[in-house]
Structure formats: structure tokens, C-alpha cells
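>>> Here you go, sequence then predicted model.
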Amino acid sequence: MERVFSGLLVFVPIAIGASYLGVAPVVVFFLAALAVVPLAKFIGEATEELSTHAGPALGGLLSVTFGNATELIIGFLALRAGYIEIVKASITGSIMSNLLLVLGLAMFAGGIKHPKQTFSRTGALASGSNLFVAAIALVMPAIFLISTPNAPSGVVETMSIWVSYILLVVYAAGLYFVLHTHKHLYLEEAGEFEPKASWRNALIKLIVATLAVAWVSDILVNSIQPVVAVLGWSQLFLGVVFLAIIGNAAENFSSVLVARKNRMDLSLQIAIGSASQIAMFVAPVLVLVGFLIGEPMNFIFSTFELIAIVLSVAIVNLIVADGESNWLEGVQLMAAYAIMAAAFFFHP
């Protein structure tokens, strides 16, 4: 698989070159999407290398900053271009993808090799309760708008800003929980990872990969409108399914790999932790940045998106509640994702 990701790097110069040579925007879009996949993986690897050199505290900060750098960069560029609904859809899709597709693949792949896999029930439920808080934050503004249709102008935007601050505080508290007071629930395997590069090489790799992702993501975002027009995909489907899968390809690989090694605590940390980071860090940051750059984004998601998020959080909490997993539970999660993805595809 490492060779596959390295091979995909060829699409980086191809996508950049195609964007300057006047190639059809639809072709450029898919070339850019393929180019994002290996770059996202290299950002994750470089972040892990630096985290190991830096120690738990600074390493945790690095993970916050760069753990979902790809989604954050794509979201910012789409927000700047005015694709606010696509940004919201990609947030929904990233949460769904990590909880159902990534975790489902990991449980299936690990369960095929190991009939029963166990993990820290306390750690899994703590992460799950964080997701419930995020779901409340996403649902309440929409309920407020429905129940108070005559609310003064600007109230929803103000509420979104306050919710963003609250989510960031809770996320910081969650980091303190993971990295300090209850780190034994999450970091018991940290010693198994040996850095393969010096911190300087890892830093250079991180900077180059991040800049490349920004460049390619800009090409990707600029090709969105032609793709919608030519293929007939809705912006909702494009954000929820396609962009989310592209952004989470690295998590797919890492989570499945460690699950096959029977390290389910780490696998859950990758999948559920990434979903929490999207909901409690990336989403509020994009809301706050949107107001700063004059493209205000609120927390009013469509009913369809909210139901998908709540159901994803609910089924994952139900499955991890016993502290055990098997291949059938992986199939169930992937089936739930396939059903929701199909619904978003046919949604007008």
C-alpha cells in the first residue's frame, strides 16, 4: 500500500499541469482529487513523526493543527470561493465517513483476521460522548431557527459564533483528558512507534506536503462548478461523499492497518478522534474564519444532514459500548454508510 500512495504522487504535477494547459475542468477535478490522497497521507505521517519527537503535549498540539489539515484547507478554499453549502456538506460527510466507512473497514479488516477484538470501553465512550456534544451543537441552531422563525436578524450567526467557541473549549478539554489526566487509555501504544526521520526532515516533509495540498485543493475547488454542471451531481452529494472520502483516504489506510495488527484502541482513536476533530475543531474554526473573511457560515445544517450525523453518532456509540468488535459490526457500519451515501446521491 505504501507503494500505491507513493505512486499516486505522480498526479500532483499532472493535476497542476492540466490546470494550466486548459484541460477539461471535469478531468482536472478528478486529477486533483487523486493528487490530494497521497499528500494527505504524507501530512499525517510527518505529523506523527514530529509528534513523536516533540513529546505528548506539543505532539498533541501538532495533531490538532495538522491532523485534519487536508479537510481544513479544502474547507477554507471552498469557503473563500463562496461554496458554503459544500463546506457544510463536507463537514457532514467527514463525520459520516470516519464513523461509518473508516471504522467499518477497520472492524471488518481486523475482524477477518481476529475473531474478537477488544479496546478500552472507557476511552471509546469518552470519545463517543464528545461526538454527542458536537451533535447537540449542530442540531440546536437548526431547532432554534425552526421553533423561532421570527427571530431577529443575525441571531443565528451570533449563536453559531458562541457555539464555535464552546466547541473549541470542549475540544481543548478533551485533549487535556487524552494527553494528561487519562493518557493511559489512549497512549499505551505510543512507545511502539519509532520515528523514521529526524525532526528537521519531518518538518520539511510536513511543510512541502501542506503547501502542495493547498495548491492542489485550490485547483480542486475551482473545478467544482463545472463538475456539478456536467455530471449533474448535487453540491450536497459532492461534499458529503466525494470530497469527504478524498480527505479521509489517509485515515482509511491507517485505521485499517492498525486494526489488522489487533491494535483496536489506536484504530478507534484514529477514526472516532478524526470525526471529533472535524466536528469540534475544523467546523468551528471554519465558522469563525468565515466571518473574518466576509463569507459568514452558520451552524444551520439541513435536516437531511443533521439526521445523518445523529444516526452515525448513535450507531457508533451503540457498537463500541461493549468494548469489543468483530467483522459483522464492521459490515453493519459500512452498510449504514452505503445507505446514507445512496440517499445523498438521489437527494435533489
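All right, it came through fine. Numbering: from 1, shown residues only.
>>> ok, which stretches of the stretch 101-250 of the chain are helices?
For the stretch 101-250 of the chain, applying DSSP state H, counting those that start in this stretch gives helices covering 103-113, 121-147, 155-176, 199-222, 224-231, 235-237, 244-247, 249-260.
>>> Point out the other helices and strands that the shortest one packs with.
The helices and strands touching helix 235-237, judged by 3 or more Cβ pairs under 8 Å, 6 or more residues apart in numbering; DSSP states H and E, are helix 84-96, helix 327-346. From N, CA and C alone the C-beta is placed, and that goes for glycine too.
>>> that older thread, among the helices of the stretch 101-250 of the chain, show me which one is buried the most.
helix 244-247 (a mean of 25; mean count of other Cβ atoms under 10 Å).
>>> Tell me the helices and strands packed up against that helix.
Using 3+ Cβ pairs under 8 Å, 6+ apart: helix 244-247 touches helix 25-54, helix 69-80, helix 84-96.
>>> Tabulate those helices (a markdown table), appending distance to Ala283 and mean pLDDT.
A markdown table is the format used below for the helices and strands packed on helix 244-247 (distance: least, Cβ to Cβ, whole Å; pLDDT from 0 to 100):
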| stretch | distance to Ala283 | mean pLDDT |
| --- | --- | --- |
| helix 25-54 | 18 | 84 |
| helix 69-80 | 9 | 89 |
| helix 84-96 | 5 | 92 |
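>>> Nearest approach to Gly44 belongs to which of the helices and strands packed on helix 235-237?
helix 84-96 (14.4 Å; Cβ to Cβ).
>>> Show me what that closest one is in contact with.
The contact list for helix 84-96 (Cβ atoms under 8 Å, 6 or more residues apart in numbering) reads 68, 71, 74-75, 78-79, 131, 134, 224, 235-241, 243-245, 247-248, 274-275, 278-279, 282-283, 286, 290, 295, 297, 301-302, 305, 308-309, 312-313, 337, 340.
>>> Report the angle between it and helix 327-346.
170 degrees (axes from the mean of the first three to the mean of the last three Cα atoms, to 10 degrees).
>>> Relative to Thr181, how far out is the closest residue to Ala15 other than its chain neighbours?
With Cβ to Cβ, 6 or more residues apart in numbering as the criterion, Ala15 has its nearest non-adjacent residue at 4.0 Å, and that residue is Leu31. Leu31 sits 46 Å away from Thr181 when distances are taken as Cβ to Cβ, to the nearest Å.
>>> more neighbours, the two?
Leu31 (22 against 10; other Cβ atoms under 10 Å).
>>> so what's Leu39 up against?
Leu39 neighbours (Cβ under 8 Å, 6+ apart): Leu9, Val12, Thr70, Ala209, Ala212, Val213, Val216.
>>> Let me see the backbone angles for the first one.
Per-residue torsions, Leu9: phi -60, psi -20 (degrees, to the nearest 10).
>>> Separate out the buried members of the contacts of helix 84-96.
Buried members of those, counted by 16 or more other Cβ atoms under 10 Å: 68, 71, 74-75, 78-79, 131, 134, 224, 235-241, 243-245, 247-248, 274-275, 278-279, 282-283, 286, 290, 295, 297, 301, 305, 308-309, 312-313, 337, 340.
>>> So which residue is dead centre in this structure?
Central residue of the chain (Cα atoms, centre = their mean): Ser94, 4.2 Å from the mean position.
>>> what's the spacing between it and Ala214?
18 Å.
>>> next one: Leu131
28 Å.
>>> wait, Val28 sits on Ala15?
Yes - using Cβ atoms under 8 Å, Val28 makes contact with Ala15 at a distance of 6.6 Å.
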